[in-house]
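Undergrad: next input, structure requested:
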Amino acid sequence: MAPMLAFLRLLPLPVLIVLGGLVYYEGLPGFARIPYLASVPVLGDLTAGRVAVAATKARAEGREAGAFVERQLWQAARAKAEDEAAKAAAALQAEINAADLSVEVFRKNDRLRAAAFEAAMREQRDEDQKTGVDRSVCDLPDRVWNATR
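TA: Prediction:
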């Protein structure tokens, strides 16, 4: 340490100011390679230099800005995919509702046909009782058969 101080006393004041500025902006040569020394608040500025600290800070801010933009793009893509999935689900639900409606209409028509068939059978039975016709071995009359269609 003493030889270093003796050497510094020999240098004129402007040279010391220039060397101080150089160390402040560029850092101490070789010390920037020591891991985690740049993370110490005061030593980090001296070892890494002001230029390297500013560049690291700018890189971190740029990385954060890029991550923000990327996050916005992913959120937009996810929202679009969710909208498309909702539209597809709505279309499938509409198909299911249409099928349910057609089944309901078919059942209603089926009940109407069954009621018409039962009415035609009652009328035929009443007519057969009046006339005394025995239809236990015969097919249905055309009038009853046509009521089923």
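
Undergrad: now do stretch 128-144, average pLDDT.
TA: Stretch 128-144 carries an average pLDDT of 69.

Undergrad: now do the SS call for the most centrally placed residue in the chain.
TA: By C-alpha atoms, centre = their mean, the mean C-alpha position of the chain lies nearest to R78, the distance being 3.6 Å. Assigned by DSSP: H, G, I helix; E, B strand; the rest coil, the conformation of R78 is helix.

Undergrad: next one: it from E64, what distance?
TA: From R78 over to E64 the distance is 21 Å, taken as C-beta to C-beta, to the nearest Å. (Each C-beta comes from the backbone N, C-alpha and C, glycine too.)

Undergrad: do the same with A116
TA: A116 sits at a distance of 77 Å from E64 (criterion: C-beta to C-beta).

Undergrad: of those two, who's got more company?
TA: More crowded of A116 and E64, by other C-beta atoms under 10 Å: A116, with 15 against 10.

Undergrad: so for V23, what pLDDT did the model give?
TA: So V23 comes in at 74 (pLDDT).

Undergrad: contacting residues around E95?
TA: Listed by C-beta atoms under 8 Å, 6 or more residues apart in numbering, the contact set of E95 is empty.

Undergrad: hey, where'd the helices end up in the chain?
TA: Under the criterion DSSP state H, the chain carries helices at the ranges 2-10, 13-26, 41-48, 50-131, 142-147.

Undergrad: ok, residues contacting the third one?
TA: Okay, so that is helix 41-48. Helix 41-48 is contacted by residues V23, Y24, G27, L28, F31, A32, I34, L37, A38, V53, T56 when judged by C-beta under 8 Å, 6+ apart.

Undergrad: swap the cut-off to 6 Å and go again
TA: For helix 41-48, contacts defined as C-beta atoms under 6 Å, 6 or more residues apart in numbering pick out G27, L28, F31, A32, L37, A38.

Undergrad: what about the residue nearest to the third one when sequence neighbours are not counted, distance to V53?
TA: With C-beta to C-beta, 6 or more residues apart in numbering as the criterion, F31 has its nearest non-adjacent residue at 3.9 Å, and that residue is T47. Distance of T47 to V53, given as C-beta to C-beta: 10 Å.

Undergrad: that'll do, ta.
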